[in-house]
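**Student:** My questions are about this predicted structure, shown below with the sequence.
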Amino acid sequence: MGKVERGFTTIIDLPHTAHFMVLVVKDIYKSADELSHKLNIGSWNIRKYPDPSRDDAIFGKKQYEFMHGFANLGGMILELEQPLSGDSPTAKFIENHGEGLWAIGYVVNNFDKVTAKLRDLNYEVIRSGKQDGCRYHTVELGSGFVIELQETKIEGIKLL
């Protein structure tokens, strides 16, 4: 068995509780409908990104478009993401792995400190942006693991 790094959340000063999960899907409306009917998850807030009226986004080295949907699970947010262009991290995920869990998200108060620590540890920021005044980074941790760091809570969506 390989070495398991213990205390990673402590090393980079992450909260011990995740605030949201991101599932990558091929058809966001179909997936939201299935989750609503089979698991009673919803209502969904779905929109296209980037939206120049709300987003100031830098998505890696190249701009790309995707659909995003949010549903409150009562303490955690479930996000669905459907890539609309082939040159995005989520499109590559679907190509290599199919639909599924792509990222676990954390809301952090010390966004700049955590980001600096991740860069010091040579982890790659694969997506960054600012949405509704909220800065975020998506970080590749290796072995297919991705986390998303969010500086502040998205307005209108209550997290614990």
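**Tutor:** That came through fine. Keep in mind it's a predicted model, so treat the numbers as computed, not measured.

**Student:** Residue 71: what secondary structure?
**Tutor:** When classified by DSSP: H, G, I helix; E, B strand; the rest coil, residue 71 comes out as strand.

**Student:** So it is in contact with residue 78, correct?
**Tutor:** Yes. Between residue 71 and residue 78 there is a contact under C-beta atoms under 8 Å: 5.0 Å. All C-beta spots, glycine's among them, are computed from the backbone N, C-alpha and C.

**Student:** Touching, residue 136 and residue 125? I think so.
**Tutor:** No. Using C-beta under 8 Å, residue 136 is not in contact with residue 125, being 10.0 Å away.

**Student:** Pick out whichever of the two has more residues nearby.
**Tutor:** Per other C-beta atoms under 10 Å, whichever of residue 136 and residue 125 has more neighbours is residue 136, with 20 against 15.

**Student:** Which residue comes closest to that one once chain neighbours are left out?
**Tutor:** residue 150 (4.7 Å; C-beta to C-beta, 6 or more residues apart in numbering).

**Student:** show me what contacts the one you found?
**Tutor:** Residue 150 sits next to 19, 20, 105, 106, 107, 108, 111, 134, 135, 136 when contact means C-beta atoms under 8 Å, 6 or more residues apart in numbering.

**Student:** quick one on the thing from earlier: which residues are in contact with each of residue 71 and residue 78?
**Tutor:** Taking C-beta under 8 Å, 6+ apart as the contact rule, the neighbours common to residue 71 and residue 78 are 35, 41.

**Student:** how about low-confidence regions in the chain?
**Tutor:** Applying pLDDT under 70 to the chain flags the ranges 1-13, 16, 50-63, 86, 132, 152-160.

**Student:** can you map out the helices along this protein?
**Tutor:** Counting by DSSP state H, the chain has helices at residues 8-11, 28-39, 89-97, 111-120.
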